[in-house]
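Participant: Dropping a prediction and its sequence here:
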Amino acid sequence: MTPLDTLYLASAATLAAMLVLGDWRRAGVLATLMYGVQLALLFTMQRTGSTSFDLSALGFELSWRFDALSWFFAVVTLGTAFFASWYGAGEWLRAYTGRRRLFQSALAANVFAMLLLLGSGDLLTLFVGWEATSWAGFLLMALAGGLARDAALRYLVYAMAGAMALLGALVVLFQAGGSFSYEAARATLAAMAPGPLWALIILFGLGFGAKLALLPLHLWQAAAYSETPAPGSVFLGGVVGRMGLFALALVLVGLIGIPHLQALAVPFTFLTAQDVVAWVAALTVVLPTYTALKQNDARYLLAWHGIGQGGYMLLGLIVGSALGSAGGLLHVINYAATQATLLMVVFGVRHRVGHTDLNRLGGLVARMPLSFLALLLGIISLAGLPPMSGFVSKWMVYSSLIQDGRPFLFLAAIVGTLGTILSVYKLIHNLFLGQLRAEHEQLNEAPLSMLIPMLATATLAFVTGVAPGLVLGWVADAQAAIGLPVIDYTLGGIASPRASLDMLWVVGVMFAGFGVGALLFYGAGGKTHRVHQLDNYAGGHFLDAGMRYHYSDNFYAGLMHLIGGWYRGSFHWLEGAIGSGLSLVAQGAGGWYRAINPAFYLLAASVALIAWVAL
Amino acid sequence: MTSLSDIPVIQTPPEAPARGGNPLANVFDDFIRYCRSRSLFMLHYCTGCGAIELPPAMTSRFDMERIGIQPMVTPRQADILLVTGYVSVKTLKRIILTYEQMASPKYVIGICSCTVNGGMYWQSYATAKKLNDYLPVDLYIAGCMPRPEAVIEGLKALRDNIEAGTSDNWKDYYQRYDHYLGNQQRLFGADWQTPTEVIAEAKHYGLFGPDTLGEHTRRLEDHRKPLEPLRMTLNAGRLEHME
């Protein structure tokens, strides 16, 4: 039995255990331990590859194997599952009123399906894994009912449309090459004419882009991820969307190859396929990030950022240089730690307060200081500032864009980061800073079972920010696995004559600066003085507890005055128009079907089927 | 109530130390004062028509930033409180609140005749006549209204006073708090209070004097509801329960 077999067995055992024992009081603890075991098994496995079982059905071979890319994404998946499950193992589970067995099983099913997807050894297996992941994701998204069900159904429409596109792409590829194996596909794609190749890129893009929520397929994600119960939302937000990136890396980079994309021109323009994908990624960075800026629910704000951050990953990956693709892949793991931290904090607040409405919170730092610390580290990382890990991966993406001579894409990435900084400030301000409401005076800090995982992921994001070399090795192996140039890394970052980064120095100098400041302040006898929150300046007004001066509604009024006109809801309009068009066609077809004798159609269809089977 | 002796008079700078003393004895204090006088943030509490002369004083024509003074939006970071005109009783409460929220060292400038003696509102029942009855004013810039040149001159004078170490009326507010509080209570009534703990701050700065406390502060203690700072805590609910 290979190590991969053991991993799959462990994952399947987790699913089975949750199906049987999901209602048990300690099911969360058991699940966490089992995810921990899976993670440990993964670490004992060789990074560069392991194979598992083959099976053949209907004359096709299905095979599962792990390479370094799969291993990298599997680490992120299992790590996120481990912490998300831990988060939901204690007090959260006791307070959870939904169906526990269903929830625990859905989470385990997601992990198992994603591991199957990551281990796919040929295109057919990839499709099987893709479908399994989509349906498992739907289960997790839908189980809360109500708004969640509506959001999940919307997701399902996108996922199924994507799956159909993917199936179409596979059929085209199989027709051309006669095999589903990666090697055959690589050879077929290399020899393919531009027309069919474009069709394939678009079909694959639609299929995988729906999961990654690339523009314009992004509308479903925020609601579907936000309305899920807390650990599920952490898991979905942290890693599930990244399966789209995994598949795109596998197909666009691994099978088609960056040089081929560069050589494939868009007819009648100066653009290449690489430019098109890069611009889709850049728009995915900018537009959803500014949509996040307008959200008034902390969960939705973070979920919209999830879409935008996916754009950074694809942007870095598609640049294709050692630096850029390493940045894009590194951002997957950095972002997972960051987003998991942020969502855990937000759901911790929800656990205590009962809602995450940014207009009805504030001042919680005095009551939930450790959550505040975790959120602070998280937003620094999400905004891409040192000393957190988000800085490293974003810096790599920026540098690669500059080195590659793409100033406008660089500008788009910077504009996206600006939106991120603005909206994460809104997040921390409206949640934790400002005036504590009277009804929140008696609030407790989030329970320990929720605090430990959020602080752990925040610490991970910090440690991998100070010493990115700890995880850059995994990234380098993943790059090698899909034929990209491999990054030259050190413990502190990147050693390259054109762009080098040593986070050990950056963080050292940064903290030395704080140290000098503290030394000056305290050395000169500086004393701090705490005042009551109503001892505050509001143009000279005397404040009392009945007066709200925590400014949260219409937060960036001045900015919105400038850019508010740009929010036109075009994508909602597009989605609505396509939906209405389809519904019109369906109504017409239905009417036509009903108007003429339905029995005749049934008979004709049956005869045709029998003829096809018989012949 | 209005005797000239109440108005603080700028004292002459202390005599230079006699020759033969250590020339470097005060060099550090001098340096601190120099730095302090060259970087002043100003909170302008614009109450009356004097405010109209501030935009030209701030902007490019007269440009007060060339002497290191620029506006600040909150009292917590401000050094100068600029009161620019007549002070109604209602406004005075706000000015006192704002002043008490400023961190020491802090300086008050009264602009226009109205802050000196009520000006053309002398007969009004609703205005405070002399600002320095209620706050320790460092400098008055008289005029109705003073032109930007006069404003700049006044600010330069304040700068020089700070550098010379003669502008420390803010200490007077702590040392003679009872006197100022008495005047405030006479105007606003006996139940007047601000959220700031001036007496505690006087102890904090080491400026607690014999006149800090008196009959008026005793009256304050009778009705005052102190505002405790929010404590940072992990289990507020449980603590409340135990109490």
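Facilitator: Received the coordinates, thanks. Just so it is clear, the structure is predicted and the values come from calculations on it, not from any experiment.

Participant: Quick one: the helices in chain B, in order.
Facilitator: Assigned by DSSP state H, the helices in chain B fall at B:27-37, B:54-58, B:89-101, B:113-117, B:148-164, B:169-175, B:177-188, B:198-204, B:215-223, B:236-242.

Participant: Against which helices or strands is the second one packed?
Facilitator: Judged by 3 or more C-beta pairs under 8 Å, 6 or more residues apart in numbering or on different chains; DSSP states H and E, the packing partners of helix B:54-58 are helix B:148-164. C-beta here means a position set from N, CA and C on the backbone, and glycine is covered the same way.

Participant: tell me what the helix it packs on is packed against?
Facilitator: helix B:27-37, strand B:40-45, helix B:54-58, strand B:107-111, strand B:139-141.

Participant: could these go into JSON lines alongside mean neighbour count?
Facilitator: Below are these laid out as JSON lines (neighbours: other C-beta atoms under 10 Å in any protein chain shown):
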{"stretch": "helix B:27-37", "mean neighbour count": "13"}
{"stretch": "strand B:40-45", "mean neighbour count": "20"}
{"stretch": "helix B:54-58", "mean neighbour count": "18"}
{"stretch": "strand B:107-111", "mean neighbour count": "26"}
{"stretch": "strand B:139-141", "mean neighbour count": "23"}
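
Participant: Can you lay out these as JSON lines showing mean pLDDT?
Facilitator: Shown next, in JSON lines, are the helices and strands packed on helix B:148-164 (pLDDT from 0 to 100):
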{"stretch": "helix B:27-37", "mean pLDDT": "90"}
{"stretch": "strand B:40-45", "mean pLDDT": "92"}
{"stretch": "helix B:54-58", "mean pLDDT": "91"}
{"stretch": "strand B:107-111", "mean pLDDT": "94"}
{"stretch": "strand B:139-141", "mean pLDDT": "93"}
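
Participant: Dump those to JSON lines, plus distance to A:Leu443.
Facilitator: Shown next, in JSON lines, are these (distance: least, C-beta to C-beta, whole Å):
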{"stretch": "helix B:27-37", "distance to A:Leu443": "42"}
{"stretch": "strand B:40-45", "distance to A:Leu443": "34"}
{"stretch": "helix B:54-58", "distance to A:Leu443": "44"}
{"stretch": "strand B:107-111", "distance to A:Leu443": "40"}
{"stretch": "strand B:139-141", "distance to A:Leu443": "48"}
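
Participant: Any idea which helix or strand in chain B has the lowest mean pLDDT?
Facilitator: Ranked by mean pLDDT, DSSP states H and E, the weakest helix or strand in chain B is helix B:236-242, scoring a mean of 57.

Participant: Quickly list the domain ranges of the chain.
Facilitator: I went with chain A, as the question did not name one. Following automatic domain parsing, one finds the domains of chain A at A:270-567, A:574-614.

Participant: my bad, the chain I had in mind was chain B
Facilitator: Looking at automatic domain parsing, the domains of chain B come to B:25-166, B:168-226.

Participant: Please identify the most buried of those.
Facilitator: domain B:25-166 (a mean of 18; mean count of other C-beta atoms under 10 Å in any protein chain shown).
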